[in-house]
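Asks: structure for the following, please:
(2 chains)
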There are 2 protein chains.
Amino acid sequence: MKKNIITISRQFGSGGRTVGRMVAEKLGIPFYDKELVEQISLESGFAPKFVEEHGEHAPGKTMFSYAFAPQGVPGVMNGMSTADFLWHIQCSTIIQLAEAGPCVIVGRNADYILKDRPDALHAYIHADMEQRADRIVRLYGESEKSPQTRLQEKDKRRALNYQHYTGRTWGAAENYDICLNTGKIGIEEAADIIVSLVKE
Amino acid sequence: MKKNIITISRQFGSGGRTVGRMVAEKLGIPFYDKELVEQISLESGFAPKFVEEHGEHAPGKTMFSYAFAPQGVPGVMNGMSTADFLWHIQCSTIIQLAEAGPCVIVGRNADYILKDRPDALHAYIHADMEQRADRIVRLYGESEKSPQTRLQEKDKRRALNYQHYTGRTWGAAENYDICLNTGKIGIEEAADIIVSLVKE
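Replies: Sure thing, here's the model as predicted:
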């Protein structure tokens, strides 16, 4: 079956988002990354920044409190924790987007949410620590923490969130149809390989 | 740098060996799978069948005994257990093969042994349990155990061996440059993608 829905999971700093954008441009189909955050924000009532920060991170202590319940939508959380409510909205938004037609979806555990769609291709993009560190400093600048520490923290949070909501191991090859090391293969080449798989 | 050495790690029943053979044929370079077993057998003095069964499996109780010491080569094991001696020979054989020129090497943790070679491309081939089960019954026939049990046992033993000798997690995408699900992508297509990466 032709693959129309492409999910891109990525290590922070690996260039996975850029790969996703290139794939969408080459195929002429919608690309959901920040757009997905905005959609989830609209559906949930949470601020986009909150969705962005918490949508792929492990539920922490504050996430289990109800202090962040969206205003103006009393009762919609239906007894769920903030984190679980966000996950619920994220799932339904991603399912709706996939239903609406061909697209590229970056992050937010879309590989798991759409795992049973035969028309979906699931890709994982990664790179070595050193190359990712160079990339985040180049793109996002320096910070108080070393780039390695920032990457390790982000990796850990994504892995915990993924494990918590999917029961699977983050970065295990068997979750994906194709995994590519952009540090070795290159970002544009990675996009080309994915496009060629979709076109076949 | 051009990639001349291709290592193929694979889940049992995923068609990874076939992918490796196709890549070697398409590139016109040597293919080491059974040939590697024979080479290790020659170097170590162990029977090929013993090398094949134990070269990718976790060291079990019998492997820590010295009962299997090759005859005619007293003292060469130098105080090592049988399993460690086999690993030692396996490493040196694989390093020698890679030194000798372009080739495809299937299995035997070659991805780890050659991880620091900039001219090596490391691939991991996997497929869903159901497709692997179909394949092993078709290729190797029925057995007393269900194909799922055979696969689970083999997966577990390979994972333990890999973890023991490399300290890494078997099947983690970050160990490889490319991982492909042949159940979704196809065996010939997987070989073509790898060939295209090597030719670039």
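Asks: where are the low-confidence patches of chain A?
Replies: A:1, A:54-78 (pLDDT under 70).
Asks: as a check, name the ranges of all strands in it.
Replies: Using DSSP state E, the strands of chain A run over A:5-10, A:31-32, A:103-106, A:120-126, A:178-181.
Asks: who in chain A is up against chain B?
Replies: Residues of chain A found near chain B (Cβ under 8 Å from any Cβ of the partner chain) are A:11, A:121, A:124, A:126, A:171-174, A:176-181, A:184-185, A:189, A:193, A:196-197, A:200. The C-beta positions use only the backbone N, C-alpha and C, and glycine is treated the same way.
Asks: quick one on the thing from earlier: as JSON lines, the strands of chain A with mean neighbour count and distance to residue B:5 would be great.
Replies: Compiled in JSON lines, these are given as follows (neighbours: other Cβ atoms under 10 Å in any protein chain shown; distance: least, Cβ to Cβ, whole Å):
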{"stretch": "strand A:5-10", "mean neighbour count": "27", "distance to residue B:5": "27"}
{"stretch": "strand A:31-32", "mean neighbour count": "22", "distance to residue B:5": "36"}
{"stretch": "strand A:103-106", "mean neighbour count": "26", "distance to residue B:5": "33"}
{"stretch": "strand A:120-126", "mean neighbour count": "26", "distance to residue B:5": "21"}
{"stretch": "strand A:178-181", "mean neighbour count": "28", "distance to residue B:5": "16"}
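Asks: turn those strands into TSV, columns for distance to residue B:46.
Replies: Formatted as TSV, these follow (distance: least, Cβ to Cβ, whole Å):
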stretch	distance to residue B:46
strand A:5-10	42
strand A:31-32	55
strand A:103-106	49
strand A:120-126	37
strand A:178-181	34
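Asks: which ones are touching residue A:183?
Replies: A:14, A:127, A:128, A:131, A:132 (Cβ atoms under 8 Å, 6 or more residues apart in numbering or on different chains).
Asks: just those: which are in helices?
Replies: Residues of the contacts of residue A:183 located in helices (DSSP state H): A:131, A:132.
Asks: can you name the two of the contacts of residue A:183 that sit furthest apart?
Replies: The two members of those with the most space between them (Cβ to Cβ) are A:14 and A:128, at 9.1 Å.
Asks: have a look at the two and say which one is more surrounded.
Replies: Using other Cβ atoms under 10 Å in any protein chain shown as the criterion, residue A:14 and residue A:128 rank with residue A:14 on top: 27 against 15.
Asks: quick one, phi psi at the more buried one?
Replies: Main-chain torsions, residue A:14, degrees, to the nearest 10: phi -90, psi -10.
Asks: that one and residue A:182 touch, don't they?
Replies: Yes. Residue A:14 lies in contact with residue A:182 (Cβ atoms under 8 Å); the separation is 5.5 Å.
Asks: what is in contact with these two at once?
Replies: Both residue A:14 and residue A:182 are contacted by A:125, A:126, A:127, under the criterion Cβ under 8 Å, 6+ apart.
Asks: ok, these vs chain B, which is closest?
Replies: residue A:126 (5.3 Å; Cβ to the nearest Cβ).
Asks: grab the nearest non-local neighbour of that closest one.
Replies: Closest residue to residue A:126 apart from its sequence neighbours, by Cβ to Cβ, 6 or more residues apart in numbering or on different chains: residue A:11 at 4.4 Å.
Asks: that neighbour: how many residues sit nearby?
Replies: The tally of other residues near residue A:11 (other Cβ under 10 Å) stands at 24.
Asks: repeat that for residue A:3.
Replies: The tally of other residues near residue A:3 (other Cβ under 10 Å) stands at 20.
Asks: the residue nearest in space to the middle of chain A and chain B, how far apart?
Replies: Among the residues of chain A, the one closest to the centroid is residue A:107, at 0.9 Å (Cα atoms, centre = their mean). To chain B, residue A:107 is 15 Å away according to Cβ to the nearest Cβ, to the nearest Å.
Asks: same thing with residue A:157?
Replies: 17 Å.
Asks: and that residue, how many neighbours does it have?
Replies: 17.
Asks: any idea how far it lies from residue A:133?
Replies: 17 Å (Cβ to Cβ, to the nearest Å).
Asks: which parts of chain A are helices?
Replies: Here chain A has its helices, by DSSP H, at A:16-27, A:34-44, A:48-54, A:61-64, A:82-100, A:110-113, A:129-140, A:147-166, A:182-185, A:187-199.
Asks: of the ones you listed, which is nearest residue B:43?
Replies: Among those, helix A:182-185 comes nearest to residue B:43, with 30.4 Å by Cβ to Cβ.
Asks: and that closest one, how far out from the chain middle?
Replies: For helix A:182-185, the gap between its own C-alpha mean and the chain's C-alpha mean amounts to 20 Å (Cα atoms, centre = their mean, to the nearest Å).
Asks: on that earlier part again, mind checking which of the strands of chain A is nearest residue B:101?
Replies: Using Cβ to Cβ, the strands of chain A put strand A:178-181 closest to residue B:101, at 24.0 Å.
Asks: and the closest one, what does it pack against?
Replies: Contact partners of strand A:178-181 among helices and strands, from 3 or more Cβ pairs under 8 Å, 6 or more residues apart in numbering or on different chains; DSSP states H and E: strand A:120-126, helix A:187-199, strand B:178-181.
Asks: that one: how far from the chain's middle?
Replies: On Cα atoms, centre = their mean, the centre of strand A:178-181 falls 15 Å from the chain's centre.
Asks: residues in contact with it: which ones?
Replies: By Cβ under 8 Å, 6+ apart, strand A:178-181 touches A:19, A:121-128, A:173, A:190, A:193-194, A:197, B:124, B:173-174, B:176-181, B:185.
Asks: one more: stretch A:93-111?
Replies: When contacts are defined by Cβ under 8 Å, 6+ apart, stretch A:93-111 is touched by residues A:4-10, A:16-17, A:20-21, A:23-24, A:27, A:29-33, A:36, A:39-40, A:43, A:55-56, A:90, A:113-114, A:117, A:120, A:122, A:124, A:161-162, A:165-166, A:175-176.
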